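In: quick one, structure for this:
(one chain, ligands or ions: 1)
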Amino acid sequence: MVTERLALVTGATGFIASHLVPALVSAGWGVRTCGRRPRPAGLPPEADYRAVDLAGDEGLDGLLAGVTHVFHLAGASSSRSSEEEMRRDNGQATARLFDAIRACPTVERALHMSSTSVYGEAVQLPLPVREDVEPQPSRGYGKAKWEAEQVVWRHGDEGLPVVVLRPVSVHGPGAIKLLASAILDVAVEQFLGLDRVAVHSGPIEQRLVHIDDLVAACLHLAEHPGAPGRAFNVVSGVYPSSHEVAAILADHFGMTVELDDDPDCGPTYEERQKGWSAMLERGMKDEIILTRERFRFMRKANRNNRLSLDNLLSTGFELRHTEPGTEFVADAEWYRQQGWIL
Ligand SMILES: NC(=O)c1ccc[n+]([C@@H]2O[C@H](COP(=O)([O-])OP(=O)(O)OC[C@H]3O[C@@H](n4cnc5c(N)ncnc54)[C@H](OP(=O)(O)O)[C@@H]3O)[C@@H](O)[C@H]2O)c1
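Out: Next up, the predicted model:
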């Protein structure tokens, strides 16, 4: 067992860290973690936990003492944060953390969890989008993530070995938004007694990556000699359409898909919320986000949807969870086992 590697994982109360921390512990790393809320119940006992606001006034030197590798996952997304919070918890928090990392002599490598949202959707980029393109973020989240990334690159230019990961929407056990919200939508409609899942007739191409592949990529890039100074798109490489996603979920719930020319087809928010409340009364746990817009993550076409995987694959990394039919059904089964859907 290797004991000299000490990882600092930020964002430890979040979804991705809830998978990354156990994986690091299993691989023999020493692990220190931080978030703002109290220590999460599921964190492995081997992992140290500290509550700290990275964008606040508290000094961060103690957090970094002896750390060899930083996995910077903390950040705020548009699902639950305002534009101001997104800038604070991405840009400001990253700037404070990376200043502290630069001052810490033991850090050998710093991985930063960015997002493909930095590419934006307003400007057509050459496809498939490569990591060396100039990002053109178009929404608040993408702008906040790009602000944070630029901080990281500045430190990289000054000699810090930095690695940037740009995942797409991440799905898998424990996820509470995006595909998880779509699974909840179908579960609610089944609960309401519907036998058809209405979907807009214009297909929209999706992009996702499974949490296990993202975690494996983090561990791989933390040690690969060719990783520092580079960014890596992380996507399954398979691009199902909104119709295919709906068909997989409908089939799993014993329903059929109905294509509709109305983009706002299906039950209204009020109807869905009523079903959802009744499910909570029946014992469903309130974990997955019920979005006001039905199938929110599948609604917007992205002209920059296709991403190059050349950087990641050139390091010898292999994606393993690339079969949507298998993976999405496994997610739905996990949610049911946990009581996150009925
Ligand atoms: N999930 C995805 O599909 C996805 C896709 C692409 C990129 N990413 C990026 O991956 C990272 C992790 O995502 P996730 O889904 O695990 O996020 P998450 O579940 O929303 O968790 C976010 C984490 O960041 C922490 N945090 C936020 N602001 C902080 C601050 N000022 N100081 C300290 N901690 C702070 C939160 O702490 P508290 O909750 O304790 O406040 C929480 O632990 C994020 O940077 C996100 O932008 C995620």
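
In: so, low pLDDT: which residues of this protein?
Out: For the chain, the stretches flagged by pLDDT under 70 are 1-3.

In: and the helices in it?
Out: For the chain, helices defined by DSSP state H occupy the ranges 15-26, 61-64, 83-86, 93-102, 140-157, 179-191, 211-223, 242-252, 269-281, 310-313, 324-338.

In: nearest to residue 292, of these?
Out: When the helices of the chain are compared by Cβ to Cβ, helix 269-281 sits nearest residue 292, at 5.2 Å. Quick note: C-beta positions are derived from backbone N, CA and C, even for glycine.

In: ok, back up a step: comparing the helices of the chain, which comes out most buried?
Out: Across these, averaging neighbours per residue (mean count of other Cβ atoms under 10 Å) puts helix 179-191 on top, at a mean of 24.

In: how far away is the residue positioned nearest the centre of the chain from residue 236?
Out: When Cα atoms, centre = their mean is applied to the chain, the residue found nearest the centroid is residue 170 (4.3 Å). Distance of residue 170 to residue 236, computed by Cβ to Cβ, to the nearest Å: 10 Å.

In: shared neighbours of those two, anything?
Out: 208, 209, 210 (Cβ atoms under 8 Å, 6 or more residues apart in numbering).

In: buried ones only from the residues you listed, please, as a ChimeraX command.
Out: Burial among the shared contacts of residue 170 and residue 236 is assessed by 16 or more other Cβ atoms under 10 Å; the matching ChimeraX selection reads:
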select :208,209,210
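
In: including distance to the ligand, could the shared contacts of residue 170 and residue 236 go into CSV?
Out: CSV is the format used below for the shared contacts of residue 170 and residue 236 (distance: Cβ to the nearest ligand atom, whole Å):
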residue, distance to the ligand
208, 8
209, 8
210, 11
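
In: got CSV for the shared contacts of residue 170 and residue 236, with distance to residue 134 too?
Out: Formatted as CSV, those follow (distance: Cβ to Cβ, whole Å):
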residue, distance to residue 134
208, 25
209, 23
210, 29
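
In: and the shared contacts of residue 170 and residue 236, which is closest to residue 269?
Out: residue 208 (24.2 Å).

In: if I pick the closest one, what's in contact with it?
Out: Residue 208 neighbours (Cβ under 8 Å, 6+ apart): 168, 169, 170, 171, 178, 179, 235, 236, 240, 324.

In: nearest residue to residue 130 other than its sequence neighbours?
Out: Spatial nearest neighbour of residue 130, excluding adjacent residues (Cβ to Cβ, 6 or more residues apart in numbering): residue 308 at 4.4 Å.

In: surely the one you found touches residue 131?
Out: Yes - counting by Cβ atoms under 8 Å, residue 308 does reach residue 131; the two are 7.1 Å apart.

In: any common contacting residues for the two?
Out: Here residue 308 and residue 131 have residue 233 as joint contacts, going by Cβ under 8 Å, 6+ apart.

In: enumerate the residues of the stretch 51-200 of the chain near the ligand.
Out: 53-55, 73-77, 89, 93, 113, 115, 145, 167, 169-170, 178 (Cβ under 6 Å from any ligand atom).

In: make a ChimeraX selection of the buried ones in these.
Out: Selection of buried members from those for ChimeraX, criterion 16+ other Cβ under 10 Å:
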select :54,55,73,74,75,76,77,89,93,113,115,145,167,169,170,178
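
In: narrow the residues of the stretch 51-200 of the chain next to the ligand to those in strands?
Out: Judged by DSSP state E, these include 113, 167, 169, 170 as members of strands.

In: quick one: residue 201 from residue 116, how far?
Out: Counting by Cβ to Cβ - residue 201 and residue 116 are separated by 27 Å.

In: same question for residue 47.
Out: Taking Cβ to Cβ, one finds residue 47 at 28 Å from residue 116.

In: could you do residue 91 as well?
Out: For residue 91, the distance to residue 116 (Cβ to Cβ) stands at 18 Å.

In: kindly report the same for residue 213.
Out: Separation of residue 213 from residue 116 (Cβ to Cβ) stands at 14 Å.

In: residues contacting the residue nearest to residue 155 when sequence neighbours are not counted?
Out: Residue nearest to residue 155 in three dimensions, not counting chain neighbours: residue 98, with 4.9 Å by Cβ to Cβ, 6+ apart. Residue 98 makes contact with 72, 110, 151, 152, 155, 160, according to Cβ under 8 Å, 6+ apart.

In: wait, the third one sits on residue 95?
Out: Translated: residue 151. Yes - under the criterion of Cβ under 8 Å, residue 151 makes contact with residue 95 at 4.8 Å.

In: circling back to that earlier point, mind picking the two most distant members of the contacts of residue 208?
Out: Distance extremes for these: the farthest pair is 170 and 240 at 15.4 Å, using Cβ to Cβ.
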